[in-house]
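return atomic coordinates for the entry below.
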Amino acid sequence: MYSFYFDTREEHRLGDLFISTLIQMLQETEVGKQKNFAFANDLSTKTEFPTKKGGRIDLLLTDDLNSIIIENKVYHTLNNDLEDYWNTVKGAVENKIGIVLSLFPLNNTRHSHFINITHPVFLKRVIANSGNYLLEANDKYVVFLKDLVQNIINMSTSIMNKADLEFYFGNQKRINEIASFKHRVKTHILSEVEKVPAQLDEKFGLVLSGKRSDRLRYYISSVNSNLMITVIVEGLLMSENKTMHIVVELAKDALKNKEIYKTIIFLPEEINANVLVPDFYTNTNNAWAHFATKVYHPNEQEIAHLSQFIIDKLQKDHLLSIYQKLNELFAKRKSNNVRI
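As a prediction, this is how the structure comes out:
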């Protein structure tokens with residue numbers, strides 16, 4: 001991207017904004033003050049320019065007289081052979097300079113003709129100098145430039161500031177106790193959810209699964225593994241109103257012929273429970289689809305005995321009977337050697 005924007009002939013139509021800004025910044029440094037740059041309109045930008053010793057110069061800006069050697073550093077340590085870079089590029093000392101363009105400031109480039117400029121400082125200066133250039137600029141590439149600047153700023157900004165860290169280390173013991181306590185609550189919730197299949201009648205043939213996730217647990221039908229009851233519990237820890245979902249779910253092959261489910265006769269109380277998903281038959285997701293579902297907001301007492309709460313809701317809201325009718329349909333078709 002730098003090569004594109006440094007090229008004064010490119011379609012961004014920002015002209016010499018980048019190279020003039022860079023030269024301006026060079027002339028503000030002690031090394032740069034000793035140089036003499038006057039790039040002509042035939043400025044050439046070359047990326048991955050090969051060196052005498054087999055290295056690669058990230059970006060070389062050059063014309064018949066002047067050269068700027070740019071080594072781009074983001075997160076990597078500066079261990080490049082800058083002397084090799086310097087000796088590779090021909091030209092008088094006063095018309096040649098090297099820049100280590102880094103995300104964060106460097107204490108020392110370890111080469112007398114290389115200076116350090118950071119990406120954020122350079123790009124912010126580009127934006128500051130862009131005023132008149134914007135009148136002729138291609139709007140699309142101005143947007144791209146702004147995105148580049150914002151990404152660089154994001155990359156160079158610490159996730160946590162000094163005040164955040166002071167708060168943590170000043171309250172470290174208490175915070176760690178709270179984190180440990182939260183883990184205990186999560187462990188309790190998941191263990192309660194995991195108890196449910198064993199506490200239900202064996203006729204439902206539900207097998208616990210989904211232990212790789214902290215979000216939910218599945219109870220899979222032993223008749224058809226593409227039929228399951230899913231209990232989603234992440235909202236109990238992540239939302240203030242303690243949200244939990246219970247879902248009768250179908251997946252993969254069980255979604256290839258949805259018309260078979262229209263043959264199931266549901267009782268009025270199952271229909272009136274308002275748990276059947278209205279758009280099940282129009283949903284085009286072939287991986288999974290909710291057949292019946294309901295959202296719950298258990299209180300602390302109910303969460304303390306969550307397994308019993310889940311069983312009660314499965315029965316009271318007819319989710320279990322709806323699941324069972326699907327399960328019986330699969331069992332019947334299986335016994336008749338009908339592929340689901």
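
all helices for the stretch 151-300 of the chain, in order.
Using DSSP state H, counting those that start in this stretch, the helices of the stretch 151-300 of the chain run over 162-170, 172-199, 234-238, 268-272, 300-304.

let's have those in CSV, adding mean pLDDT, mean neighbour count and distance to T284.
Backbone N, C-alpha and C define where each C-beta goes, glycine included. Shown next, in CSV, are the helices of the stretch 151-300 of the chain (pLDDT from 0 to 100; neighbours: other Cβ atoms under 10 Å; distance: least, Cβ to Cβ, whole Å):
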stretch, mean pLDDT, mean neighbour count, distance to T284
helix 162-170, 90, 10, 44
helix 172-199, 95, 13, 30
helix 234-238, 89, 15, 26
helix 268-272, 95, 12, 24
helix 300-304, 96, 12, 36
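
backbone phi and psi for D58, please?
Main-chain torsions, D58, degrees, to the nearest 10: phi -60, psi -50.

ugh, wrong one, I meant T45
phi -110, psi 130.

that one contacts D58, correct?
No. Taking contacts as Cβ atoms under 8 Å, T45 lies outside contact range of D58: 11.1 Å.

thinking again about what came up before, any chance of the helices of the stretch 151-300 of the chain in CSV, with distance to G98 too?
Formatted as CSV, the helices of the stretch 151-300 of the chain follow (distance: least, Cβ to Cβ, whole Å):
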stretch, distance to G98
helix 162-170, 34
helix 172-199, 44
helix 234-238, 51
helix 268-272, 76
helix 300-304, 63
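
where does this structure dip in pLDDT?
For the chain, the stretches with pLDDT under 70 are 40-41, 75-76, 338-340.

what about the strands in it?
Under the criterion DSSP state E, the chain contains strands at 44-50, 56-62, 67-73, 96-102, 114-118, 206-209, 216-221, 227-232, 244-251, 288-296.

just send the ones you listed back as a markdown table, with mean neighbour count and distance to L22 too.
Output for the strands of the chain, formatted as a markdown table (neighbours: other Cβ atoms under 10 Å; distance: least, Cβ to Cβ, whole Å):
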| stretch | mean neighbour count | distance to L22 |
| --- | --- | --- |
| strand 44-50 | 15 | 12 |
| strand 56-62 | 20 | 8 |
| strand 67-73 | 22 | 7 |
| strand 96-102 | 23 | 8 |
| strand 114-118 | 20 | 8 |
| strand 206-209 | 16 | 59 |
| strand 216-221 | 22 | 53 |
| strand 227-232 | 23 | 54 |
| strand 244-251 | 22 | 56 |
| strand 288-296 | 18 | 54 |
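
out of the ones you listed, which comes closest to D7?
With Cβ to Cβ as the measure, strand 44-50 is the member of the strands of the chain nearest D7 (4.9 Å).

which neighbours does that closest one have in its sheet, and in what orientation?
Strand 44-50 pairs in its sheet with strand 56-62 (antiparallel), by DSSP bridges.

need the contact partners of the strand it pairs with.
By Cβ atoms under 8 Å, 6 or more residues apart in numbering, the residues outside strand 56-62 that reach it are 2-3, 6, 19, 22, 39, 43-51, 67-72, 85, 88-89, 91.

again, only this time at 6 Å
2-3, 6, 44-49, 68-72, 85 (Cβ atoms under 6 Å, 6 or more residues apart in numbering).

swap in stretch 311-325?
229, 246, 248, 264, 270, 273, 275, 292, 294.

could you rerun that using 8 Å?
For stretch 311-325, contacts defined as Cβ under 8 Å, 6+ apart pick out 196, 199-200, 203-204, 221, 227, 229, 246, 248, 264, 266-267, 269-270, 273, 275-276, 291-294, 296.

how far off centre is that stretch?
Centroid separation for stretch 311-325 versus its chain: 37 Å, with Cα atoms, centre = their mean, to the nearest Å.

and it, which residues are buried?
311, 313-314, 317-325 (16 or more other Cβ atoms under 10 Å).

of all the strands of the chain, which lies closest to Y141?
Short answer: strand 44-50, nearest of the strands of the chain by Cβ to Cβ, at 15.3 Å.
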